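# Have a look at this prediction, sequence included:
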Amino acid sequence: MRHGDKINNLGRKTSHRKALLSNMASSLILNKRITTTVAKAKELRKYVEPLITRAKDDTTHSRRMVFSYLQNKESVKALFGEVASKTSERPGGYTRIIKLADVRQGDNAEMCLIELVDFNMIYGQEGAEKKGKTRRGRKPAKKTDASAETATVEASAEEKKPAKIKKATKSKE
């Protein structure tokens, strides 16, 4: 019986499971998104989010703690560099799991895409800032621009009239 057993063993022994999660976390940090099964992605989320939280405090101790989990210098450097700088404002929830429609051919396992939230440009905040609000009323959006255009047209017409008169008087002399 598995009373109180909250860990998903993923069908592996402890050392194999730790190596699997370490390698997947390194790949996720370096590539910003990976495709895997839903069960592995849910366990990877529990594994990698505390590491990202620890990377916000760039100290020697936190680097050594993260390295003990990842065992990869390049991924530790990327985590404390670009990943920590982008996630510094976010209080948590650094990963997103998107279930894919297809299943794996061999064993019919549900597949998903796990990605770092701040590195996706489709759902990112950059696209939301560019989009402006639209007004759906009957009145024109900018009345002041139309009145300003008519004022400038009238002013330019008045300026042209004295210039023509001056030219005509000069030609008569």
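Sure, I can see it.
# what's the average pLDDT for whichever helix or strand residue 68 is part of?
Using DSSP states H and E, residue 68 falls within helix 60-70. Taken as a whole, helix 60-70 carries a mean pLDDT of 98.
# Now do whatever helix or strand comes next after that helix: everything it contacts.
Beyond helix 60-70 on the C-terminal side, the first helix or strand identified by DSSP H and E is helix 73-78. Under the criterion C-beta atoms under 8 Å, 6 or more residues apart in numbering, residues 25-26, 29-30, 63, 66-67, 70 lie in contact with helix 73-78. Where C-beta positions appear, they are placed from N, C-alpha and C, glycine not excepted.
# chain center to helix 73-78: distance?
20 Å (C-alpha atoms, centre = their mean, to the nearest Å).
# mind listing the helices in this structure by residue range?
14-31, 38-55, 60-70, 73-78, 84-86, 125-130, 143-172 (DSSP state H).
# Name the residues of the second one that come out as buried.
For helix 38-55, a neighbour-count test (16 or more other C-beta atoms under 10 Å) marks 40-41, 43-45, 47-49, 51-55 as buried.
# tell me the angle of that helix relative to helix 60-70?
160 degrees (axes from the mean of the first three to the mean of the last three C-alpha atoms, to 10 degrees).
# Measure how helix 38-55 sits relative to helix 14-31, angle-wise.
Interaxial angle, helix 38-55 versus helix 14-31 (the same axes, to 10 degrees): 70 degrees.
# Touching helix 38-55 from outside, list them.
Here helix 38-55 has contacts from 8, 10, 20-21, 24-25, 28-29, 36, 62, 65-66, 69-70, 79-80, 83-84, 87, 92-95, 97, 99, 109-112, 114, using C-beta under 8 Å, 6+ apart.
# again, 7 Å this time
Residues outside helix 38-55 that contact it (C-beta atoms under 7 Å, 6 or more residues apart in numbering): 8, 10, 21, 24-25, 28, 62, 65-66, 69, 79-80, 83-84, 87, 92, 94-95, 97, 99, 110, 112, 114.
# just the shortest one next, same as before
With C-beta under 7 Å, 6+ apart as the test, helix 84-86 has contacts from 55-56, 58, 118-119.
# sorry, back to before: of the contacts of helix 73-78 - the most surrounded one?
With neighbours taken as other C-beta atoms under 10 Å, the top of these is residue 29, carrying 26 neighbours.
# how far away is it from residue 1?
For residue 29, the distance to residue 1 equals 37 Å [C-beta to C-beta, to the nearest Å].
# Over to residue 40?
In terms of C-beta to C-beta, residue 40 sits 25 Å off from residue 1.
# same deal with residue 47?
Taking C-beta to C-beta as the measure, residue 47 falls 26 Å from residue 1.
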